[in-house]
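Colleague: Structural data only, the sequence is not supplied:
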């Protein structure tokens, strides 16, 4: 089928030869495209909107072929949520809680821990009413219920959000997994210690706690001192090591204490060189080995992950590492916790856990549980996933009984025990009170499965019924030639065939014209169907209005015919008018705006289209407010010839903007613009406009004379010649006058362009005074910066200004033109505002100076080469400011002052600065520019920035770690890392001294310091 525009042109091609009064029924059917051939299935890729008989591609494809029942619903099979036989239950990832899920699965498979938790007293669970949902409160209750569900739930996975919420964890932020393990076991130990059953109070100690001691031996006297300690996991450094044995050996190796790190010996009563080592005394049944993959990077100031391959055995003999014990102390690998990813701040956690009953290995990945084949641990695929970038390190070969991983961060070993004949030790039964809660949850799950199955069945039954309906009605939809028909909304037909949309009643009201019939422009949005199909659809769904053959609108077709004919005639008229306007009109003519004459064809076309849209039904596109109207563009011309109409409704006096045309041209234009303003050649221009024009010329002449007179009287002020300055008091006068620079600038603008600018009527000296009438500035503040906002006048200039700009009041105020007293109250308010602004900055520069041991600046005596000798000499003459004598923020006060009204009623008193006001400082201008020294660096900071954030900036600038930085300002140490720079007194241009400690050689110790003080998880 031809494109839509081609179909539309073909439908109206007959208007070229047919006048509106000659339209027949055949022409009306052509306009509504009644006789266009219907499209066949497969002939159109999509529905032809220009053809009302095309019923292809409206959604029927889904119903006419073989129907899959799954297409009638979007409900997954509830049995896919059911736990598979002989497998474990997964845990839902709540966003970034995969690290929590891995530890929960490891602890669940610790049978002794699970058995002990089941024995904890829980009166809330024991007395729970099955009619309501069980809500645990304590950590112990949450773990009990969670472990019971993991053991006997029918669900494929369960939601741990109750426990996560009780722990106060942020589900959207990944925490440090190793830190979480420590804190959770500590919390669980504290909770169990409050149990009444003494066998439960030390469960965590019995399972995870071992003993070691820090032994220090003095090299001088040989005295040995031991500090016993408990551990729940061994933190092993993996940097520089290849296997687990090397990591344990380094953990226990001897350390020398010398230099600044010497040991204070109580026998020698002095610091002595010594050795220190860790001695293992006892190991727990469950040995947790943390592989320290996440370490602090001094260069970046952040943590990084060590992707080092570490080899570890399935059986680990810890006997050689124990003190005072001989024989075997063999452990078996029971769990490996994996971190996928190359960053320490992101990635994914999974756990490989060995089933204590069957010795099978399982991979726990949140909701997904996978059993390893052959009862062997398989880590190869996990290592492949971690290879996001091509690594230069090849995976080493591992011998039998060993595994190698670059992502393992925690290994869990269990002590090897003799096989017991007691089967109860290999299994843990869920207590009856917990089993009731599990049964209750299983019952809810089964009810949900039944509900989902019923919903699936209902959707399938509904779909089958709809299928039969569509097959029946779609065959009846095409209207045959010569038989009755009706029009139905295309959008409604699509929704009827869309099973996902609830079918509403038929609505054809949007397609009506102003005569209540089907508008010819809306034929593409509707489809012509057989009368039989229309009856069935209206009987089942209702709606209306019904549009049959009598709804074809003759009036709209006639109007469109007239408009199209005028459009065709417009091009011919445009060519003829263009030729006629080039000729000189003879006889009486008419005035036409040049802008209207240039765009009259476009205006005529828009007028015709507006007339066409007026025939539509009043649905938001009538009266020219349709898609072709320029409603929002007020600058475009709305009416022809309006560009030569003045504001009073008469002929504009701008004769250059209009053109005289002949009567023949005006007649043709008038045919398109019947309501256009008409002005004959004899029409006089608007008299009011002529009067106003003359008054404007007279005012300009007066302004020019006034500007010339003022310029001649104040010639030096205008040209900025022979101006007085404060730094070098002029001889021959004891008094200078002060006016706002704003006044002088506005006055100069008027002098330069008197016809474009307004005359200045007021000096506006009230801007320099406070509400109490006092002067707002001191001599020092004017010298040091505020003078840029004022202008100094000679007494003779002030006499002229007071005469010119203070008419009728000069004598009254000249009597009071003497020294203005300083208003200290307002002055202190400005100083306070300035101090507050100094502590509320957003982007300011401060300077960091690195000092050495004797507190002196590195090369302090040598300023930067760009500091000239004159500047250095100037610094020598600088004197310190008096406390509290800081310059006010004139910029803010001036901005506020400018908002005051410069009315004639405001006092025009000029503040006077006399020669006697000079102090002994001699008027020397003090330099306020900071000169950077070698070893000093500038940083951009904000007042609300913390000291900790500043230290990170300093670390990048000086390569000094935050914990090696000692900062001070004006001799005061800066130590509170959480305090803001504004609260610490750091203001713009401040100089902060940096003294760097010696860097820590032990990376592990440095990492600990950074974690405890500078890292936020």
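Modeller: Great, that's in hand. Please read all numbers here as calculations on a predicted model, not as lab measurements.

Colleague: Now do residue 77: how many residues are near it, please.
Modeller: Neighbour count for residue 77, taken as other CB atoms under 10 Å: 12. C-beta here means a position set from N, CA and C on the backbone, and glycine is covered the same way.

Colleague: Note down every partner strand of the helix or strand encompassing residue 295 and its orientation.
Modeller: Here residue 295 sits within strand 294-297, counting by DSSP states H and E. Using DSSP bridges, strand 294-297 pairs in its sheet with strand 302-305 (antiparallel).

Colleague: on contacts alone, who are the packing partners of the helix or strand that the partner strand is followed by?
Modeller: Remark: after strand 302-305, the chain's next helix or strand is strand 310-313, criterion DSSP H and E. Judged by 3 or more CB pairs under 8 Å, 6 or more residues apart in numbering; DSSP states H and E, strand 310-313 is in contact with helix 244-252, strand 402-405, strand 408-415.

Colleague: Deepest in the core, which of those is it.
Modeller: strand 408-415 (a mean of 23; mean count of other CB atoms under 10 Å).

Colleague: Tell me the strands beside that strand, with direction?
Modeller: strand 286-292 (antiparallel), strand 330-340 (antiparallel).

Colleague: for this structure, longest helix please?
Modeller: helix 432-476 (DSSP state H).

Colleague: Now tabulate the strands paired with strand 408-415 in CSV and tack on mean pLDDT, mean neighbour count and distance to residue 726.
Modeller: Listed next are the strands paired with strand 408-415 as CSV, based on pLDDT from 0 to 100; neighbours: other CB atoms under 10 Å; distance: least, CB to CB, whole Å:
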stretch, mean pLDDT, mean neighbour count, distance to residue 726
strand 286-292, 91, 22, 68
strand 330-340, 91, 22, 70
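
Colleague: okay if I get the ones you listed as a markdown table plus distance to residue 185?
Modeller: Listed next are the strands paired with strand 408-415 as a markdown table, based on distance: least, CB to CB, whole Å:
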| stretch | distance to residue 185 |
| --- | --- |
| strand 286-292 | 9 |
| strand 330-340 | 14 |
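
Colleague: tell me the pLDDT at the residue nearest to residue 230 when sequence neighbours are not counted?
Modeller: Spatially, and ignoring its direct neighbours in sequence, residue 230 is nearest to residue 209 (5.4 Å; CB to CB, 6 or more residues apart in numbering). Note on residue 209: pLDDT of 92.

Colleague: how many other residues sit next to residue 209?
Modeller: 19.

Colleague: Next: residue 842.
Modeller: 10.

Colleague: And it, how far from residue 261?
Modeller: Distance of residue 842 to residue 261, computed by CB to CB, to the nearest Å: 44 Å.

Colleague: what do you get for residue 504?
Modeller: From residue 504 to residue 261 the distance is 83 Å (CB to CB).

Colleague: quick one on the thing from earlier: for the longest helix of the chain, name the packing helices and strands.
Modeller: Helix 432-476 packs on helix 61-64, helix 123-126, helix 139-152, helix 531-541, going by 3+ CB pairs under 8 Å, 6+ apart.

Colleague: Moving along the chain from that helix, name the first helix or strand you hit.
Modeller: Past helix 432-476, the next helix or strand by DSSP H and E is strand 485-489.

Colleague: Would you list the strands that that following strand pairs with, along with their directions?
Modeller: Assessed with DSSP bridges, strand 485-489 is paired to strand 526-530 (antiparallel), strand 547-548 (antiparallel).

Colleague: quick one: contacts of that strand?
Modeller: 52, 479, 506-508, 510-511, 518, 523, 525-531, 534, 537, 546-549, 551 (CB atoms under 8 Å, 6 or more residues apart in numbering).

Colleague: quick one: which of the strands paired with strand 408-415 is nearest residue 46?
Modeller: Counting by CB to CB, residue 46 lies closest to strand 330-340 out of those; the figure is 45.3 Å.

Colleague: From the chain's centroid, how far away is that closest one?
Modeller: Chain-centre distance of strand 330-340: 41 Å, with CA atoms, centre = their mean, to the nearest Å.

Colleague: right, and the helix or strand after it?
Modeller: By DSSP H and E, the next helix or strand past strand 330-340 is strand 348-354.

Colleague: If you count contacts, what does that next one end up packed against?
Modeller: Strand 348-354 packs on helix 98-108, strand 330-340, strand 361-365, going by 3+ CB pairs under 8 Å, 6+ apart.

Colleague: Return the angle between stretch directions for the helix or strand hosting residue 281 and helix 244-252.
Modeller: Here residue 281, judged by DSSP H and E, is contained in strand 274-282. Strand 274-282 runs at 120 degrees relative to helix 244-252, counting by axes from the mean of the first three to the mean of the last three CA atoms, to 10 degrees.

Colleague: Residues contacting strand 274-282, please?
Modeller: 210-219, 226, 228, 251-257, 262-263, 265, 318, 321-324.

Colleague: Of those residues, which belong to helices?
Modeller: Short answer: those in helices (DSSP H) are 251, 252.

Colleague: Now a PyMOL select for only the buried ones of the contacts of strand 274-282.
Modeller: In PyMOL syntax, the buried subset of those is picked out as below (16 or more other CB atoms under 10 Å):
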select buried, resi 210+212+213+215+216+217+218+219+251+257+262+263+265+318+321+322
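
Colleague: now, which of the contacts of strand 274-282 lie within strands?
Modeller: Using DSSP state E, the subset of these located in strands is 210-218, 226, 228, 255-257, 263, 265.

Colleague: List just the nearest of these to residue 725.
Modeller: residue 257 (70.4 Å).

Colleague: Write down the beta-bridge partners of the closest one, one by one.
Modeller: residue 274.

Colleague: So it is in contact with residue 271, correct?
Modeller: No: assessed by CB atoms under 8 Å, residue 257 is found out of contact with residue 271, at 9.2 Å.

Colleague: Determine the residues that are contacts of both of these two.
Modeller: By CB under 8 Å, 6+ apart, residue 257 and residue 271 have these common neighbours: residue 263.

Colleague: now the helices and strands packed on strand 310-313 as a markdown table including distance to residue 24 and mean pLDDT?
Modeller: Listed next are the helices and strands packed on strand 310-313 as a markdown table, based on distance: least, CB to CB, whole Å; pLDDT from 0 to 100:
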| stretch | distance to residue 24 | mean pLDDT |
| --- | --- | --- |
| helix 244-252 | 99 | 90 |
| strand 402-405 | 89 | 88 |
| strand 408-415 | 88 | 91 |
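
Colleague: okay, these in JSON lines with distance to residue 606 next?
Modeller: Shown next, in JSON lines, are those (distance: least, CB to CB, whole Å):
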{"stretch": "helix 244-252", "distance to residue 606": "84"}
{"stretch": "strand 402-405", "distance to residue 606": "76"}
{"stretch": "strand 408-415", "distance to residue 606": "73"}
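
Colleague: who wins for proximity to residue 159 among those?
Modeller: Of the helices and strands packed on strand 310-313, nearest to residue 159 by CB to CB is strand 408-415, at 24.6 Å.

Colleague: can you pull the contacts of residue 546?
Modeller: Going by CB under 8 Å, 6+ apart, the list of residues near residue 546 reads 486, 508, 534, 538.

Colleague: what's the answer for residue 216, then?
Modeller: 224, 225, 226, 227, 257, 263, 274, 275, 276 are the contacts of residue 216 under CB under 8 Å, 6+ apart.

Colleague: now with 6 Å?
Modeller: 225, 263, 274, 276 (CB atoms under 6 Å, 6 or more residues apart in numbering).

Colleague: what about it, distance to residue 257?
Modeller: 7 Å.

Colleague: shared neighbours, these two?
Modeller: The contact lists of residue 216 and residue 257 share 263, 274, 276, where a contact means CB under 6 Å, 6+ apart.

Colleague: Tell me how this protein divides into domains.
Modeller: Following the TED database, the chain resolves into domains at 209-380+398-418, 583-685, 706-809+820-833, 936-996.
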